[in-house]
Every structure is written in C-alpha cells, then in structure tokens.
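In: Generate a structure from the sequence data that follows.
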Amino acid sequence: MFTHSIHELAQQITALQQRSIWLQQQSQLEEDMQEAALEELVTALEELRVAEEELRQQNEELQIAQLTIAAERQRYQDLFEFAPDGYLVTNSDGKIEAANRAAAQLLGVPQRFLVGKPLATFVVPNERSAFRAQLLQIQQGDWLQEWEVRLQPRDNYSLDVALTIAVDRDATGEPKLLRWSLRDVTRRKQAEQQVYALNAQLKERSTSEETLRHIAEKVSASLDEHQVLQTAVNEIAQALNLWCCDVGVYDLQAKTAAVHYHYTQPEVAQSPSCQSKTIALAEFAEGYSQLLRGQSLQFCERTDHPIRSRAAILACPITTPEAVLGDFWCFKPRGATFSEHEVYLVQQVARQCAIALQQARLYQAARMQVMELAALNRLKQDFLSTVSHELRTPLTNMKMALRLLEVTTNEAQRARCLEIIQTQCDREIDLVTDLLDLQELETGSFAACLPESIRLQDWILTLIGALQTRMQVRQQILTLQIPDALPAVITDKALLRRSLLELLHNAHKYTPVGGEIIIEAKQDCGTSATLLSVRNSTEIPAADLPYIFDKFYRVPQTDPWQTSGTGLGLSLVKQFVDHLQGTIDVVSQDGWTTFTLRLPDRLQRTAHQPRA
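Out: Coordinates of the predicted model:
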C-alpha cells in the first residue's frame, strides 16, 4: 500500500508541474481564465498537502512495523539461541548453516566452528550410511518425528539423540533448508535398558525360583542319601544345561573328597568329571580351603587333561551350620560363564541338598538305632533265656543229686552225688562271677592282681590239664607250639588264666569231633611283645566277626541248647586283655579261626588298686 501511495503522489506532482507550466503559458489570457487557473492551482496544492499528510502517516506506521519486526526477530532469535533442546539449520545435503548453544553443547563443538560441517560426521561410524539413506528419504516428505540416532561428539563419548526434522522447500518444491530439533534421550534410553534388564532379571529369578522349587521337591522327596545326591546332580545339570556335573562327599577326618553321582550331557564324548575318584583335599588346597569356609568359586584349570583344560568350572559347597558335607562341581565349555542367577541357583540347591542329607542321615541313624535297639532287645531276651537256662540247669542237677543222696546208702553213689553238686555249684559260681566281673569292668571298679613273671612253656601245661580229658572224649587233637627260648612275661596271672581258659573252652565247644586245637606262643618280630594264639578247626561267618566281642552275642547259626554259654565269655576276654594292656584279634578263614593275644613283656601298673 505504501508503494502504491508514493506512486500516486509522484503522478500528482508531475500533473501539477505540467499544470503550472501550462498556466504560465496561459498567463497572457483573459483575466477570467487566470482566476480559474488560480483556483485550480489552490485545489491541487490542497490535494498535495493531503497526500503529504497521508505519506507522513504511512511512514510512521512503517517505522512502527519495522521496530515490531525487529523485536520479534530478536525474540525468535533468543528462543532459538537459548532453547533447552538443540536446534540446527542445514542445507539439503545436511551441512550445518546455523546452530544454537544447546546444539553446540550437545555436539561438543563451539557454535562458530559448526557452520559448514556435515551433520553426518557427528554420527557414530557404524550408523553413518543408514543416516545418509534416511536423510534422502526425509527430503521426499515434510518431516519425520522421533528419529533416534546415536551421535559421537568430539570428546569421544556417545549419546542417544531423538531428531525431529522440518523441510523448507522453494517454489518448485525442492528441499531448500532442513530444520533440526535435537533432544538428548541418553538417560531415557539408559532407564529403559535398566528397566529391561530389571525385567529380565525378575523373569530369570522367577524362572530360577520355579526351578529351585521343583528341584527342592524332588530332592526332599527321598530319605536315601544316594538318591538325594544323584537327583540333585541330574536336576542341576539339566536346569543349567551343563556340560557335566558331579558331587563330592567329604571325609573331614581323612581329609578327602569322594566324587560320586555323576551326570554328563549325551553329546559329550569324554567327561571332565573325576567320577568315582577319591581326592585328597591337599591336592587342591587353595580351592578346598575356600570351599571348607562355605564359599563358592569359579575358575578354569590349567592342566594337561584334554577335557578339563577346556572347561569353565563352578564349585559350590554343601554346607550346614555345623560342617561342610561336600560340594557340587559344575562344568561348562571354556568361554562360557556362570551368571549370578546360575550361581544363586546352585547355592540354593546345595542348601536344600544339605537339609535333605541331614534328614536322610538322621533317618538312617534313627533306623540304625531302632535296629540296634531291636538287636539289643533280642540279645536281652536271648540272654535272659540263656541265663535262666544256665542258672536253672545246675540247680536242677544239684536238686536231683541231693534227692539221690538222701535215698542212697551206696558210698560210691553218694560220692558221685557230692561230685555233681560240687561241679554244678562251681558252674553257678562261675556264671555269677562273670556277671559281677563284667559289671565291675564296665564301671571301672575292677581290681586286678599284682603282676607276676610267667614262663608260658610250663604254665600252659598246668593250665590245659583239666581240659585234656574232655577233648579226648570228643577225639579233639590239642597241639602246643611254644619254643623253649621264649622269654617270660610279667603280667596278671589270674586275668591271663581266665582269658586263655575262656578261649580254650570256646574252641573246645565249637570244634567238631576229631577237630584240632593249636596253642601257639612266640615273640613278635621287631618288638618285645609276646603273641599268644588259640586256633581251632572251625570257621565263623564273616558277617558275625565284627560283633564277636559284643556282650551277649552268640553266632546265630549255632544251637544255643547244644552249646551252653551266656555270650559273655569273649566280651570278658576283651575286657581282661585291655587290663593286661594288650590287644586281641580274630581271623576266620579257610576253615580255621584264630584268636591272637598281643601281650607286653611287662605289665605297667595303673592307678587301680591290686587285689589281695
């Protein structure tokens, strides 16, 4: 409008000038004509003043508009410059033409150095080709919202940026400028990754808890130690897809670990496990010391073993509050690792396994106690039955002898009756003495005699005199093998006598008719101890040997009514030999049973008071 007004004013001025010239040329005209010309000139001047006033007003409006435009331009420049997000202006090729402070700070380059640089140079190298392709695609549309790109500023760190792009086009529709909005979303991406990782951890933990619950149910379902361990090994190996897995059971007294209960993936040709092998804890002292402290360890072995050298190993102890019972060994191919949740799962299974093992062992211990109590009850019943028999038989014999003694007048018969009474009375006294001696030995109140020097070559001959008659009745052969040069022993003669007599009576009872009994004495090679053995031609079942010295124990295969006795004899012999500071062993094989006493050459007197 302003341009149009100036043009009209110029036209009016030109017309006025032409009119003035014409009026000058007509000044010689009539007076009437002059007056009309003046009026016309006045009118033209008035119109010119009006046009001047309009032009002045339009100039003022133009100045106000120019100031407003300048203020708005500065305002928008300030908004562009100080905006919290980064803003860039590039040409259609992506070269920067303008950048605000936030963009310069985001890219790590001062503003004045950004102009002329391609934006693609700030994209991480492995994404630049995709960036350029996307840039070409953008120019075919108007804008692309939230296009995420990873930028790498000049200070060598990378960040995630969300881009929003607007395209300015010329009159022909070709891209002229690209306006970029850059927003740093690194923290958001990190938070998203953390949330994703947390969700993955929660999912993995949920899976681990479900797996652990399943394994715990299967492990706790058995009270058999072997089944508990094998089930735990199988379940761990399958749940973690292990190369193989095994478990070691500790013997802390022997300081060894017995490796058992092995599982190997079917496709593994050779297992890295040490299955069915006993390992001394000292062979891997550093590792086992950590396991014995209840700590897991993860490592790779440097070994010549073709399989173990290629394995990643996790060792986890099986612990209770009181002790370490064993360990799990888990194997993966080298290069693989055990995650935190896998280690957690194995540790939890180990704890469940420890509880199951304790329950299984308590159950087995209780079961053994029940069996022992049942055995003791049977022994008690057998003992009571045997003692009743052993007590009643002599009394019955004595009673019969007394009645016969009352009615007979034959001196020979009376003498025989008295002999029977005396024998049965001695038998009764011996039984009561055995019971009392056993009680005193167990309570520690048994008093021994003073040691005496004994020459076994002569002493044993006097000892066996009373037995030879009974052995001859059963046609048993008694042989002595005692060298004349055997040194004398200084010991408790009474205890040795009772021990040897009991062994001989025992041999006589269980040796068949026509069998052989051998008494042998010799000095132990390399020591001053004397070895005194009693052998007889019979054999004790191997299952009974561990219990042969137990109280009231009698070999089940024997007939208790054909072989008298209470089952106290060998138990008393063991106690007597202990008081003699010696040892007694039994070996039964190849049709022979041998009891061997090892006696010191001199009995060392203890704090027990000797018997008078």
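In: Name the strands paired with the helix or strand residue 312 falls within and say parallel or antiparallel.
Out: Assigned by DSSP states H and E, residue 312 belongs to strand 311-319. With DSSP bridges as the test, strand 311-319 is paired with strand 297-300 (antiparallel), strand 324-333 (antiparallel).
In: Give me the longest helix you can find in this protein.
Out: If you go by DSSP state H, the chain has its longest helix at helix 340-407.
In: right, and the helix or strand after it?
Out: That would be, after helix 340-407 and using DSSP H and E, helix 411-443.
In: list the helices and strands that following helix packs on?
Out: helix 340-407, helix 569-579 (3 or more C-beta pairs under 8 Å, 6 or more residues apart in numbering; DSSP states H and E). Quick note: C-beta positions are derived from backbone N, CA and C, even for glycine.
In: give me that answer again for 6 Å
Out: helix 340-407 (3 or more C-beta pairs under 6 Å, 6 or more residues apart in numbering; DSSP states H and E).
In: give me the beta-bridge partners of residue 452?
Out: Bridge pairing for residue 452 - DSSP bridges - gives residue 491.
In: on that earlier part again, centre of the chain to the strand holding residue 312, how far?
Out: Relative to its chain's centre, strand 311-319 lies at 6 Å (C-alpha atoms, centre = their mean, to the nearest Å).
In: which outside residues touch it?
Out: 272, 291, 294, 296-300, 324-332, 334, 336, 338, 346-347, 350, 353-354 (C-beta atoms under 6 Å, 6 or more residues apart in numbering).
In: Repeat the analysis, applying 8 Å as the threshold.
Out: 243, 247, 272, 287, 291-292, 294-301, 324-338, 342-343, 346-347, 350-351, 353-354, 357 (C-beta atoms under 8 Å, 6 or more residues apart in numbering).
In: go on, stretch 492-511?
Out: By C-beta under 8 Å, 6+ apart, stretch 492-511 touches 448-452, 454, 459-460, 463-464, 467, 470-471, 474, 476, 517, 519, 532, 534-538, 558, 563-565, 569-570, 572-573, 576-577, 579-580, 593, 595, 597, 599, 603.
In: Show the contacting residues for residue 457.
Out: Contact partners of residue 457, counting by C-beta under 8 Å, 6+ apart, are 482, 483, 484, 486, 521.
In: change it to 6 Å
Out: Per C-beta under 6 Å, 6+ apart, neighbours of residue 457: residue 482.
In: Residue 427 now?
Out: Counting by C-beta under 6 Å, 6+ apart, residue 427 has contacts residue 394.
In: if you skip the residues just before and after it, what's nearest to residue 222?
Out: The spatial neighbour of residue 222 that comes closest, neighbours along the chain excluded (C-beta to C-beta, 6 or more residues apart in numbering), is residue 228 at 5.4 Å.
In: Please tell me how far the helix or strand hosting the one you found is from the chain's geometric centre.
Out: Secondary structure assignment for residue 228, by DSSP H and E: helix 225-239. For helix 225-239, the separation from the chain centroid amounts to 13 Å (computed by C-alpha atoms, centre = their mean).
In: Which positions in it come out as buried?
Out: Buried positions in helix 225-239, judged by neighbour count with 16 or more other C-beta atoms under 10 Å: 225, 227-237, 239.
In: which among those residues gets closest to residue 14?
Out: Closest approach between those and residue 14, by C-beta to C-beta: residue 239, at 104.0 Å.
In: burial of residue 240, as a residue count?
Out: 21 (other C-beta atoms under 10 Å).
In: before we move on, back to that, which of the contacts of strand 311-319 are buried?
Out: Neighbour counting over those (16+ other C-beta under 10 Å) leaves 243, 247, 272, 287, 291-292, 294, 296, 301, 324-332, 338, 342-343, 346-347, 350-351, 353-354, 357 as the buried ones.
In: returning to what we had before: show me what the helix holding residue 228 is packed against.
Out: Using 3+ C-beta pairs under 6 Å, 6+ apart, helix 225-239 sits against helix 186-220, strand 244-251, strand 256-264, helix 340-407.
In: repeat that with 8 Å
Out: helix 186-220, strand 244-251, strand 256-264, strand 324-333, helix 340-407.
In: Surely residue 537 and residue 590 touch.
Out: No. Checked against C-beta atoms under 8 Å, the pair residue 537 and residue 590 is beyond contact range at 10.1 Å.
In: The two - which one has more neighbours?
Out: Per other C-beta under 10 Å, whichever of residue 537 and residue 590 has more neighbours is residue 537, with 18 against 7.
In: What about the closest residue to the more buried one other than its chain neighbours, how many residues nearby?
Out: In space, and not counting its chain neighbours, residue 537 is closest to residue 515: 4.2 Å by C-beta to C-beta, 6+ apart. By the measure other C-beta under 10 Å, the count of residues near residue 515 is 18.
In: And the one 10 residues further on, by the same measure?
Out: Neighbour count for residue 525, taken as other C-beta under 10 Å: 7.
In: Check the secondary structure at it for me.
Out: Using DSSP: H, G, I helix; E, B strand; the rest coil as the criterion, the local structure at residue 525 reads coil.
In: Got phi/psi on it?
Out: phi -70, psi 130 (degrees, to the nearest 10).
In: Let me know the pLDDT of it.
Out: Predicted confidence (pLDDT) for residue 525: 79.
In: Kindly report the same for residue 394.
Out: Model confidence at residue 394 (pLDDT) stands at 77.
In: how near is it to residue 332?
Out: 77 Å (C-beta to C-beta, to the nearest Å).
In: quick one on the thing from earlier: among the buried residues of helix 225-239, which pair sits farthest apart?
Out: Going by C-beta to C-beta, the pair spanning those furthest: 225 and 239, at 21.3 Å.
In: Okay, and the beta partners of the residue nearest to residue 114 when sequence neighbours are not counted?
Out: Nearest-residue entry for residue 114: residue 99, 4.5 Å, with adjacent residues in sequence omitted and distances by C-beta to C-beta, 6+ apart. Under the criterion DSSP bridges, residue 99 forms beta bridges with residue 88.
In: Show the pLDDT at residue 99.
Out: Value for residue 99, per-residue pLDDT: 85.
In: ok, now residue 258?
Out: At residue 258, pLDDT is 90.
In: Residue 246 versus that one, what's the distance?
Out: 11 Å.
In: who has more neighbours, the two?
Out: The neighbour comparison of residue 258 against residue 246 (other C-beta under 10 Å) goes to residue 246, with 25 against 16.
In: so that one makes contact with residue 277?
Out: No. Using C-beta under 8 Å, residue 246 is not in contact with residue 277, being 9.6 Å away.
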